[in-house]
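>>> pasting a predicted model and its sequence here:
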Amino acid sequence: MGFLRSALSGLATPEKWVEDWMRGGATNSAGIRVDQDTALTYSPFFAGVRVLSEDLAGLPLFLYERLKPRGKQRATSHPLYALLHDQPNDMMSSAWLREVLTSHAITWGNGLAHVVSHPRTGVIEEIWPLRPDRVTIGVKRLGPGRFERRYRYDDDVNGIHTVLLPHEVLHISGLGYDGVQGYPVVELAANSIGLGLATEHHGAKVFSNGAAPGGALSHPGNLSPEARRRMADDWENIHRGIDRAHRVAILEEGVSFQQVGVPNDSAQFLETRKLQVTEMARWLRLPPHKIGDLDRATFSNIEQQQLDYVTSALNVWLVRWEQGILTQLLLPEERQRYYSEFLVDSLLRGDTAARYAAYAVGRQWGWLSANDVRDRENMNPIKGGDDYLVPLNMVPAGGRSAPALETAAAARVSRMARLLAGRQAVRESLAERWGAKIEEADQEVADLEAKKLRALIAEHLTPKRGRHRSLAGFLAALQLLYADDGPIMDRLVGLWVPLMTSFADDIAVQAAEEVAYEEPVDLTVWAAAYARSHAAYQVSSSYGQLRGVVDKTEGTPEDIAEAVVERFTKWQEERPAQTARWEASQLPNAAARETWKEAGVSKVQWVARGSKNCPYCQRLDGAVREIETPFVAKGEEVEGEAEGETLTAKRNTFHPPVHPGCNCEVIPVVD
């Protein structure tokens, strides 16, 4: 009753606190009602709240599990992962919840959500936002030096009145002073927001009055009250309103018009409106361009302003969320193992050239793998793309490690390890890409051979009326088909020369980098000769196999034709893949050796890769030769594991492979 009497007694001349109570919002010098609802009608403030809330909501939020001894992985099996990343409740997405709570924390000072847990297991099942105007935050003393928040929730509309404990609430607060709750920015900025609203209200009134300031009509004589009222009404009816602005005024009987308002340019109306935009940016710690003020934004500084926004204004909200999840949603025993983190890479991305330059630095110095880069560019991983490259000239800080390099053998192992680190992934990627193209080309040649051979069989070995079968004619035509200037050789060279030239160019770039050779290496002539040589070998082998089939097959011409068809059908099914595997292993080693020769490398070393290498490869593993000296000379035998088991080289072998299926490599010996 005392409160009611005080309120009623002051209605005629209300006290300041009664005015505030009747307005229902924060007071301000501009005399405009400002509260959390009306503040959002002021566009600069709404834009600031919106940009912070939407940017935070738009970032992916992941729950991670720490790995031992280092690293992390997404904890997709944890019940909290789906709530944070996907859907916290049946009605909202994760982005929506974060947007709501962040906007509440900015405007009201506190973003609050009800955490619903299973009654028996305690596992969090749902997270629902709470209206901050219905929550009263208090502190309960539990004992000496022990305090705990209490959240009193009162919903008169639905008749809900309850007290929530800390583990039942996710509390994201803004800047505060007592460790309990945050400052309501709307109340602190009431004057600034009120002034902004007042200028908007003033501008609207100016235009509603015909975009002209107020004034007075002056008559030389005395007018009766009725005459004055009639003159004022007539003037208002003719000139009031934006649609009636700039009409010609006709003044009779000596009446004159005198302006008494302050013009907008004198009141600095536009300057005031611009200043208030800057004021809102200052209150919310935003770069002005984020809320539409581009007066001082340029193409040269806009990217830096964006980075400053992410690392300052937005970053503190990301930290508040991450630490709120850690301390309020994870159990104490889980906090050492799990943590949440926003993925902000998308907001820090520069233009294409800048991104790729940064990726190049990361790849060169070993903290980014090919798949790390592809993941950031939203691309699928590639085989072998998880390896990290290490520069060859890198050594531990303070000089070489004495224990690791005590002997010449240890030094050689160390150099080889540095050389091999990371190069395997690049080689495998190139081999996979170009091997697929070589397989496709050889498939085309195999299909052409099948077509031509079927035609020869139909012409010479298939009986037809009026024509005799002729095995001699078939063999003569077969020899022409596989001649050095025949159609098979011509097609194979036409496909292989450009393919293998490009393949060799890619290998040359990598091989030159391995030995720090900076001059361009042109392998065009070498690659063309390599392709022609291998094409000639394959054509000769194909002819030899078919001639052998004819010579060994006994029976009628139909039997010979059937055997020939069986052989080239087998080629069509198996040879292209075999050819691709062989060339994808041999050409990189051969092209790298040519590059190292031009770079002045004098020695190379054989390296057996994998645990399933044959005994011949293991015998050669680690062998060092002068770059012009073969590892195995033509006719030389390489011993195997069993007694008497040998492999006789059919050619001078300067580099792998030494036999089909060999996946060894040759590397430069760098002093």
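Noted; the coordinates are in hand. Numbering: from 1, shown residues only.

>>> the closest residue to residue 39 other than its chain neighbours sits in which helix or strand?
Closest residue to residue 39 apart from its sequence neighbours, by Cβ to Cβ, 6 or more residues apart in numbering: residue 186 at 4.6 Å. In short, each C-beta sits where N, CA and C put it, glycine included. Applying DSSP states H and E as the criterion places residue 186 in helix 185-188.

>>> any idea of the mean pLDDT in that helix?
The average pLDDT within helix 185-188 is 84.

>>> what about that helix, distance to the chain center?
37 Å (Cα atoms, centre = their mean, to the nearest Å).

>>> run a quick neighbour tally on residue 578.
14 (other Cβ atoms under 10 Å).

>>> return the residues in contact with it.
residue 660 (Cβ atoms under 8 Å, 6 or more residues apart in numbering).

>>> how about it, phi and psi?
Dihedral angles of residue 578 (phi, psi; degrees, to the nearest 10) stand at phi -60, psi -40.

>>> number the chain from 40, please
Okay, residue one is now 40; in that scheme the one you just asked about reads as residue 617.

>>> quick one: it from residue 473, how far?
Look at residue 617 and residue 473: by Cβ to Cβ, to the nearest Å, they are 16 Å apart.

>>> again, but for residue 570
Taking Cβ to Cβ as the measure, residue 570 falls 12 Å from residue 473.

>>> between these two, what contacts are shared?
residue 538.

>>> point out where the stretch 390-539 of the chain drops to low pLDDT.
Counting by pLDDT under 70, the stretch 390-539 of the chain shows low-confidence ranges at 390-393, 417, 429-464, 504-507.

>>> quick check: buried residues in stretch 587-598?
Buried residues in stretch 587-598, counted by 16 or more other Cβ atoms under 10 Å: 588-589, 592, 596.

>>> what's the neighbour count on the residue nearest to residue 78?
24.

>>> what does residue 614 give?
Using other Cβ under 10 Å, residue 614 is surrounded by 20 other residues.

>>> next: residue 78.
Residue 78, neighbours per other Cβ under 10 Å, totals 27.

>>> tell me who's in contact with residue 401.
407, 411-412.

>>> how near is residue 656 to residue 126?
According to Cβ to Cβ, residue 656 and residue 126 sit 55 Å apart.

>>> and the helices in the stretch 390-539 of the chain?
391-403, 409-415, 447-459, 462-499, 510-520, 526-553 (DSSP state H, counting those that start in this stretch).

>>> so for the first one, what gets flagged as buried?
By neighbour count with 16+ other Cβ under 10 Å, helix 391-403 contains the buried residues 397-398, 401-402.

>>> any idea how far it is from the chain center?
Distance, stretch centre to chain centre, for helix 391-403: 13 Å (Cα atoms, centre = their mean).

>>> can you check what angle separates that helix from helix 526-553?
Going by axes from the mean of the first three to the mean of the last three Cα atoms, to 10 degrees, helix 391-403 is angled at 80 degrees with respect to helix 526-553.

>>> next, the angle helix 462-499 makes with helix 391-403.
Using the same axes, to 10 degrees, helix 391-403 lies at 100 degrees relative to helix 462-499.

>>> using PDB, write out the CA atom coordinates for helix 391-403.
Taking C-alpha atoms only, helix 391-403 is exported to PDB below (Å, rounded to 0.1, in the frame of the first residue of the first chain):
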ATOM      1  CA  THR A 391      43.000 -16.800 -54.100                       C
ATOM      2  CA  ALA A 392      46.600 -15.600 -54.600                       C
ATOM      3  CA  ALA A 393      47.100 -14.800 -50.900                       C
ATOM      4  CA  ARG A 394      45.600 -18.200 -49.800                       C
ATOM      5  CA  TYR A 395      47.700 -20.200 -52.200                       C
ATOM      6  CA  ALA A 396      50.800 -18.300 -51.100                       C
ATOM      7  CA  ALA A 397      50.100 -19.100 -47.500                       C
ATOM      8  CA  TYR A 398      49.500 -22.700 -48.400                       C
ATOM      9  CA  ALA A 399      52.800 -22.900 -50.200                       C
ATOM     10  CA  VAL A 400      54.600 -21.600 -47.100                       C
ATOM     11  CA  GLY A 401      52.800 -24.100 -44.900                       C
ATOM     12  CA  ARG A 402      53.600 -27.000 -47.300                       C
ATOM     13  CA  GLN A 403      57.300 -25.900 -47.700                       C
END
